[in-house]
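A.B. asks: Structure of the sequence below:
(one chain, ligands or ions: 2)
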Amino acid sequence: MLTVAIGTKNPAKVDAIKNGFEGIQANFIPTSVPSGVSPQPFSDEETIQGAINRAKNALVLEQSDVGIGLEGGVVPTEYGLFLCNWGAIVDSTNNPIIAGGARILLPDEIASELNAGKELGDVMDAYTKQKDIRKNEGAIGIFTNGYIKRTDMFMHVVKLLVGQFTYRR
Ligand SMILES: O=P(O)(O)OP(=O)(O)OP(=O)(O)OC[C@H]1O[C@@H](n2cnc3c(O)ncnc32)[C@H](O)[C@@H]1O
Ligand SMILES: [Mg+2]
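C.D. replies: Ligands and ions are numbered 1, 2, ... in the order given. Next comes the predicted model:
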């Protein structure tokens, strides 16, 4: 059976990966690996690099057939600060395949906290007076009023990855 190393133990990401591998029998191994980028990535490039690093680190650590990494970040634009999300999938033969997720603008009061150096996960917990928003509906779930939760958004990314991966194989 295909072994898939997952470069995180965050349940919002792990569930997205398990559900995104629709129709494929696989053994999933969530594992803690370094992203190799800052805890709060601040560009598409840095967020992509984090996703690729997680995928490669997980593959090597677990000696699996496939490694997969998901990374959240933000991107400053003239419209404000966007949430961004990226994923990467690797096997031992291929260059990583990458795919991006939905993006929405963060409210200015959240953006200013991030610009001051805080991590979105911590800011969201303080803003909502809840714990571990990042492991549950996420910022995207809060600001879309629950219409798109973090795991839904990441599952879409995972399907983009798995689809490209199986097409090329
Ligand atoms: O355990 P890991 O896999 O690291 O999961 P994480 O929730 O920290 O996720 P990322 O490292 O990919 O996200 C980078 C930062 O952005 C935060 N973040 C990203 N998306 C978020 C969301 O939708 N809701 C809350 N925090 C989010 C997260 O807490 C980190 O501070
Ligand atoms: Mg993190």
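A.B. asks: Would you check how far apart residue 94 and residue 53 are?
C.D. replies: Distance of residue 94 to residue 53, given as Cβ to Cβ, to the nearest Å: 16 Å. Bear in mind the C-beta positions are built from the backbone N, C-alpha and C, glycine included.
A.B. asks: neighbour count winner among the two?
C.D. replies: When residue 94 and residue 53 are compared for neighbours, residue 53 comes out ahead with 20 against 12, by other Cβ atoms under 10 Å.
A.B. asks: Do I have it right that that one meets residue 41?
C.D. replies: No - with contact defined as Cβ atoms under 8 Å, residue 53 and residue 41 do not form a contacting pair (10.9 Å).
A.B. asks: contacting residues for residue 38?
C.D. replies: When contacts are counted by Cβ atoms under 8 Å, 6 or more residues apart in numbering, residue 38 touches residue 46.
A.B. asks: What are the boundaries of the helices in the chain?
C.D. replies: Per DSSP state H, the chain carries helices over the ranges 11-20, 44-62, 108-115, 120-128, 138-143, 150-168.
A.B. asks: quick one: the last one to helix 44-62, angle?
C.D. replies: Spelled out, it's helix 150-168. With axes from the mean of the first three to the mean of the last three Cα atoms, to 10 degrees applied, the angle from helix 150-168 to helix 44-62 works out at 70 degrees.
A.B. asks: ditto for the first one
C.D. replies: Interaxial angle, helix 11-20 versus helix 44-62 (the same axes, to 10 degrees): 80 degrees.
A.B. asks: Quick one: list the elements packing against helix 11-20.
C.D. replies: Judged by 3 or more Cβ pairs under 8 Å, 6 or more residues apart in numbering; DSSP states H and E, helix 11-20 is in contact with strand 2-6, strand 26-30, strand 66-77, helix 150-168.
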